[in-house]
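Peer 1: After the sequence you'll find the predicted model.
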Amino acid sequence: MKERLARHWPLLATAFVLASLYGAAAIAYPGFGSWFQFTRLFADNATLGLAAVGMTFVILSGGIDLSVGAVIALSSMVLAVLMSRLELPMWCAVPLVLVLGAAFGAFMGGLIQVFRLPPFLVTLAGMFLARGAALLLSDAKRIDMNDDNAVRSLSAFHVMDFDLAALAFIAAVLAAAAVLRFTRFGRTVYAIGSDEPAARLMGLPVAPGRIAVYSISGLCAAAGGIVHVVGVHAADASAAFLLELDAIAAVVVGGTLLAGGRGSVLGTLLGVLILGIITTIPNFQGDLDTWWIKIVIGLLLLAFVLLQRATQRWTRA
Amino acid sequence: MRDSMSRLPWPLAALAILLAFNAVANPSFFLMHYADGRLASPLIDVLNQGAPVMLLALGMTLVIGAGGIDLSVGAVMAVAGAVAAELLSSGASTAAALAAAVGAGFAAGLWNGSLVALMGLPPIVATLILMVAGRGIAQLVSNGEIITIAPDAAILAIGRGSLLGLPVPVLIALGAAAALAALARLTSLGLFIECIGGNEQASRYAGLDVRSIRLASYAIMGLLAAIAGLIDAADIAAADANNCGLYLELDAILAVVIGGTALTGGRFSLLGSVIGAILIQSLSTTILMAEFGGRSVPVELNLIIKAVVVLIVCLLQSSELRRLLPGARRAAA
């Protein structure tokens, strides 16, 4: 009973914070509570959300991925180069970019797994590598995609006001939740994060599991990059700068333990929405300076980490 | 101790190769001349521009040696620079501005240290909080603007002045290195830090005050980050909350790892970290100055080369690789 309560308690706290933030903002600012603004919350944070979904897998397995922001920039750049310079059709370029992102993640995962290197350093190198490659590709210029018909028609597509970016984010959350909950791979991810030697002794595929986790993170970041290009009709090598910090913050606020082994993608969705509301509020309240966003996110992070800590101590007692 | 010394030849060899390349590709690299009361040479510039990272790497060595990490140092640099510039622009004395900036860095270090040592948070998360919020605080202090420092302000000497023919930042960094080396190796602090990083539980049973030592490592880190922030602000005569110290936490961690300090803690080498910081800066300078067939190398290549260096250093330190290599040879034979 205590164990069960402890497992759901951080998620409940996250849901409570989200509900009260959303409620307060909807009362304070006319228009904030509208359906359209609700869908914008998903659309505006789709790139962050996709990266955070991938990050959830990595953190659940006890790792960390600092490269996601740079991979987003690189994949948006590669997509733009493939489409505008090599004139590849979009249906051809998009899968290529996704495969590239997944391969990049698998490469880092392979180094981490095979040579037992710290994830922090390997993904830091991945960050430098991806950002450097994006800058080299861009030749210090933005690539404008305004004239591309495929991009324009995709960005106009929407279902019930949810645009393509928002739909991709929601689909990724649902797919990730299903994979983590119902598949053997999902249980392996939790097992690696909570006790790797035990997972190995139980005969779980630890090595392929860990490589897959980083590959998923790369795939999600590449999807984030594609969504970014469709959203802003351009590719920019300095896009998604330090986005990995927000992604990690969203995962932690969503109740996933940074040590691994416990957490959920649903929590990450709530975490992304909380971060999204905090970043949107200054748009509605003109006299609020934007630097409060960073301070509030930092404080929120602190509150949730302390809550996790208290919960852990409570269950152990 | 012997173990960490035995790793020094690697970064030293890398640095030697890099310098030899420069000597061949660009003979002016080693040329020294005396101008405006100081030695001028690309070599001195490397040390001068590398001073902030060197200061950060020194503090980071102690933090990592004790099994921690500090991601917030870039943001703390920005806070210290903003505090000093804001106070100066509101008419405070140079001494007051310096004291307040260093005090702010010390307070930031104590904050990080308390979260790690007293609250028991994992170091990555605990310092991530200030990494995210710190730039917000710096912008709050500077009201979101880039505060310029008057061109005749005495504080600029920290970033631009020279003494005994050497730039002041280099002297500060070398002084800090000497002071920390004395603190770590002449007192028992260094040994205690390695104990904690090696086995925290055993250290506690042995009667070490684990909390205070860990707190001290973060406090020293905060202090050094503030000094690095002051050098940066004085160098450009402005406090830029958005860009001051950006990415430098990563460079500092990189310098420490290149220098042979393991990220898992338990042993550290201050000298190695200094060499690591110099290596990183010479790499950047080499790329900036290098030319191939009359064309300069794109600056973006810097990031990619840095990434390759990180991976090579990691692989060299990996015991797994060493185990695999002889095995592969045996399999071939």
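Peer 2: Sure thing, it's come through.
Peer 1: Would you mind naming what in the stretch 151-300 of chain B lies close to chain A?
Peer 2: Within the stretch 151-300 of chain B, the positions near chain A by C-beta under 8 Å from any C-beta of the partner chain are B:241, B:250, B:253, B:254, B:257, B:263, B:264, B:298, B:300. (Glycine included, C-beta is placed from N, CA and C.)
Peer 1: Apart from its chain neighbours, what residue comes closest to the last one?
Peer 2: If I follow you right, that is residue B:300. residue A:135 (3.7 Å; C-beta to C-beta, 6 or more residues apart in numbering or on different chains).
Peer 1: rewinding a little: what's the lowest-pLDDT member of the residues of the stretch 151-300 of chain B next to chain A?
Peer 2: Among those, residue B:298 carries the lowest pLDDT, at 69.
Peer 1: from the residues of the stretch 151-300 of chain B next to chain A, which single one is nearest chain A?
Peer 2: Nearest to chain A among those is residue B:300, at 3.7 Å by C-beta to the nearest C-beta.
Peer 1: My guess is that closest one contacts residue A:136. True?
Peer 2: Yes - at 4.8 Å, residue B:300 counts as touching residue A:136 under the criterion of C-beta atoms under 8 Å.
Peer 1: Average pLDDT for the strand or helix carrying residue A:59, rounded please.
Peer 2: Element membership of residue A:59, judged by DSSP states H and E, is helix A:46-60. Mean pLDDT, helix A:46-60: 93.
Peer 1: What helices and strands are in contact with that helix?
Peer 2: helix A:68-80, helix A:164-182, helix A:184-194, helix A:206-232, helix A:243-253, helix A:265-284 (3 or more C-beta pairs under 8 Å, 6 or more residues apart in numbering or on different chains; DSSP states H and E).
Peer 1: Please identify the most buried of the ones you listed.
Peer 2: Most buried of the helices and strands packed on helix A:46-60 by mean neighbour count (mean count of other C-beta atoms under 10 Å in any protein chain shown) is helix A:68-80; its value is a mean of 30.
Peer 1: Tell me how many other residues surround the residue nearest to residue B:300.
Peer 2: 23 (other C-beta atoms under 10 Å in any protein chain shown).
Peer 1: can you pull out the strands in the stretch 201-333 of chain B?
Peer 2: B:238-239, B:291-292, B:295-296 (DSSP state E, counting those that start in this stretch).
Peer 1: what are the pairing partners of the first one, and which direction each?
Peer 2: This points to strand B:238-239. strand B:147-148 (antiparallel) (DSSP bridges).
Peer 1: if I pick residue A:255, what's in contact with it?
Peer 2: A:10, A:11, A:13, A:14, A:263, A:264, A:267, A:271, A:304, A:308 (C-beta atoms under 8 Å, 6 or more residues apart in numbering or on different chains).
Peer 1: scratch that, residue A:124 is what I was asking about
Peer 2: Residue A:124 neighbours (C-beta under 8 Å, 6+ apart): A:66, A:67, B:250, B:253, B:254, B:310.
Peer 1: Return the per-residue confidence for it.
Peer 2: 85.
Peer 1: Mind pulling up the pLDDT for the closest residue to chain A within the stretch 51-200 of chain B?
Peer 2: Nearest residue of the stretch 51-200 of chain B to chain A (C-beta to the nearest C-beta) works out as residue B:133 at 2.6 Å. Here, the pLDDT recorded for residue B:133 equals 87.
Peer 1: Can I get the host helix or strand of it as PDB, trimmed to CA atoms?
Peer 2: Using DSSP H and E, residue B:133 falls within helix B:123-141. Output of helix B:123-141 as PDB, limited to C-alpha atoms (Å, rounded to 0.1, in the frame of the first residue of the first chain):
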ATOM      1  CA  PRO B 123      24.900  16.300  -8.100                       C
ATOM      2  CA  ILE B 124      23.700  16.500 -11.700                       C
ATOM      3  CA  VAL B 125      20.200  17.500 -10.700                       C
ATOM      4  CA  ALA B 126      21.200  19.700  -7.800                       C
ATOM      5  CA  THR B 127      23.400  21.800 -10.000                       C
ATOM      6  CA  LEU B 128      21.100  21.700 -13.000                       C
ATOM      7  CA  ILE B 129      18.700  23.800 -10.900                       C
ATOM      8  CA  LEU B 130      21.100  26.700 -10.800                       C
ATOM      9  CA  MET B 131      22.200  26.100 -14.400                       C
ATOM     10  CA  VAL B 132      18.600  26.800 -15.500                       C
ATOM     11  CA  ALA B 133      17.800  29.500 -12.900                       C
ATOM     12  CA  GLY B 134      21.200  31.200 -12.700                       C
ATOM     13  CA  ARG B 135      20.900  33.000 -16.100                       C
ATOM     14  CA  GLY B 136      17.500  34.100 -15.100                       C
ATOM     15  CA  ILE B 137      19.000  35.500 -11.900                       C
ATOM     16  CA  ALA B 138      21.800  37.200 -13.800                       C
ATOM     17  CA  GLN B 139      19.200  38.800 -16.100                       C
ATOM     18  CA  LEU B 140      17.100  39.800 -13.100                       C
ATOM     19  CA  VAL B 141      20.200  41.600 -11.700                       C
END
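Peer 1: Could you figure out how far that helix is turned away from helix A:243-253?
Peer 2: On the basis of axes from the mean of the first three to the mean of the last three C-alpha atoms, to 10 degrees, helix B:123-141 is oriented at 120 degrees to helix A:243-253.
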